[in-house]
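[1] Sequence and predicted model, in that order:
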Amino acid sequence: MTDPYEPRPRPDAPGRPPQGYEPPPGYGAPPGWGSAPVGPQGPQGYGPPPGYQGPPPPGGYGVQKKNGFGVASLVLGIASLVLFWSAVGGVVLGALALVFGVLGRKRVSRGEADNGGVALAGIITGAIGLVLGLVVGVGIVVALTRGDFGSFADCTNAAQTQADQDQCARDFGNSFSR
């Protein structure tokens, strides 16, 4: 008994190409038709496409980039912009963003990371947050050391009427414009 799934030869195909058949340019004749080159292991194939490097190395897709410093710099820089009004938040987070940004840029220059733009954005946002935090901090220190707050509190405590309290507020506001 024969295998029902085995292909049967066609009676009209004697194993040779039809009369006048020419393979398309750049292609050889199919194997077994007599004109394809046959190597020691059988018919030679076309090979991989140009520029194909083969499968990736075992254990992953190569060396992973270390982009953590650049990302941390950007996150801290944005946080310093959001929290600059709390002088400490702007100054501390801005300084950390600068440090991580510089470390991230150094990794990029050594080829260990590929997010130099992110690290640069972290440096810029961290510097802006740091400067704004310093301005707010200096403003708070100057306002507290001028003594005007104590005199305003004394004035409002001594005021007998609403008109006296309003005058204290005007005097306090005028003390900043001097």
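    It's in. Numbering: from 1, shown residues only.

[2] What average pLDDT does the helix of greatest length in the chain get?
    Secondary structure of the chain per DSSP state H: the longest helix is helix 116-145. In this model, helix 116-145 has an average pLDDT of 90.

[3] in that helix, what's buried?
    Of the residues in helix 116-145, those with enough neighbours to count as buried (16 or more other CB atoms under 10 Å) are 116, 118-130, 132-133, 136-137. Glycine gets a C-beta too; all of them are placed from N, C-alpha and C.

[4] number of nearby residues for the closest residue to residue 123 other than its chain neighbours?
    With CB to CB, 6 or more residues apart in numbering as the criterion, residue 123 has its nearest non-adjacent residue at 3.5 Å, and that residue is residue 101. Residue 101 has 28 neighbours, counted by other CB atoms under 10 Å.

[5] wait, residue 101 sits on residue 69?
    Yes: because the distance of 7.5 Å satisfies CB atoms under 8 Å, residue 101 is recorded as touching residue 69.

[6] what is in contact with those two at once?
    Shared between the contact lists of residue 101 and residue 69 (criterion: CB atoms under 8 Å, 6 or more residues apart in numbering) are residues residue 119.

[7] Residue 105 should be in a helix, yeah?
    Yes: remark: residue 105 belongs to a helix, assigned using DSSP: H, G, I helix; E, B strand; the rest coil.

[8] Could you check how far it is from residue 66?
    Using CB to CB, to the nearest Å, we find residue 105 at a distance of 13 Å from residue 66.

[9] what do you get for residue 140?
    If you measure residue 140 against residue 66 using CB to CB, the figure is 39 Å.

[10] Ok, residue 128 next?
    Here the criterion is CB to CB. By it, residue 128 lies 26 Å from residue 66.

[11] now stretch 79-92: mean pLDDT?
    The average pLDDT within stretch 79-92 is 89.

[12] Just the buried residues of it, please?
    When neighbours are counted by 16+ other CB under 10 Å, the buried residues of stretch 79-92 are found to be 79, 80, 81, 83, 84, 87, 89, 90, 91, 92.
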